[in-house]
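Chemist: Give me the fold of what follows.
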Amino acid sequence: MKRLLLQISILAFMILCAASSCTGTKKTIEVTDNEKKTFNQQEGDTVKIASDSTEYEIIIIDPGFNTWLASIAKPEGYYSQSYLENRNQIYVTNWNQRAMQPLRYGGNLYEMQIDYSSGIDYGYEVNYKLYNYFVYFQRKYNQRLGPWVPRI
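Modeler: Got it, this is the predicted structure:
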């Protein structure tokens, strides 16, 4: 009798979970037609992010990113620097975790770790371009580097 009661309880729980979406639905990223065109771009356009005050540089070689940045991304000044820094910190942390696990996440997407420190002021332009690359990357490759759906 106890076994039957346990089975009925488990079955009831499974039905309730199915009815109330306990399985969790993953929100998909809705990509516009203009974005699809930039994502399908084959010619390489390189974006170099560098600062004279610090000794670092980021080079993004992803066909379509420069076009996407100029035509689809929110303009410079739309976000505050602190907003960009906070989002970049989360994105970099998740990126680096995936880069350290190439068998799980695919070595082709996360080839290298990003050295980004919250204690360094990289300036607005660097944070803006890095943030927008993360948004571009997530939308193009249907990835999630944070708890929210990347929007433009």
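
Chemist: What ranges in the chain fall below the confidence cut-off?
Modeler: Scanning the chain with the threshold set as pLDDT under 70 gives 1-28, 41-45, 51-56.

Chemist: where along it do the helices fall?
Modeler: Assigned helices in the chain, in chain order: 2-19, 33-39, 65-71, 81-99, 102-105, 124-141 (criterion: DSSP state H).

Chemist: Now the second one: buried residues?
Modeler: Counting neighbours by 16 or more other CB atoms under 10 Å, one finds that the buried residues in helix 33-39 are Glu35, Thr38, Phe39. Using the backbone N, CA and C atoms, a C-beta is placed for each residue, glycine as well.

Chemist: which other helices and strands contact that helix?
Modeler: Helices and strands touching helix 33-39, by 3 or more CB pairs under 8 Å, 6 or more residues apart in numbering; DSSP states H and E, are helix 65-71, helix 124-141.

Chemist: Which of these sits closest to Gln97?
Modeler: Between Gln97 and the helices and strands packed on helix 33-39, the shortest separation by CB to CB is 13.9 Å, and it involves helix 124-141.

Chemist: Skip the chain neighbours and tell me the closest residue to Ser118.
Modeler: Excluding its sequence neighbours, the residue lying closest to Ser118 (CB to CB, 6 or more residues apart in numbering) is Gln89, at 5.3 Å.

Chemist: number of nearby residues for the one you found?
Modeler: Burial of Gln89 is recorded as 13 neighbouring residues (other CB atoms under 10 Å).

Chemist: and the gap between it and Thr67?
Modeler: Computed with CB to CB, to the nearest Å, the distance linking Gln89 and Thr67 is 27 Å.

Chemist: shouldn't Ile60 be in contact with Thr46?
Modeler: Yes - look at Ile60 against Thr46 with CB atoms under 8 Å: they come within range, at 6.9 Å.

Chemist: between those two, which one's more packed in?
Modeler: Using other CB under 10 Å as the criterion, Ile60 and Thr46 rank with Ile60 on top: 18 against 11.

Chemist: Kind regards, and thank you for your time.
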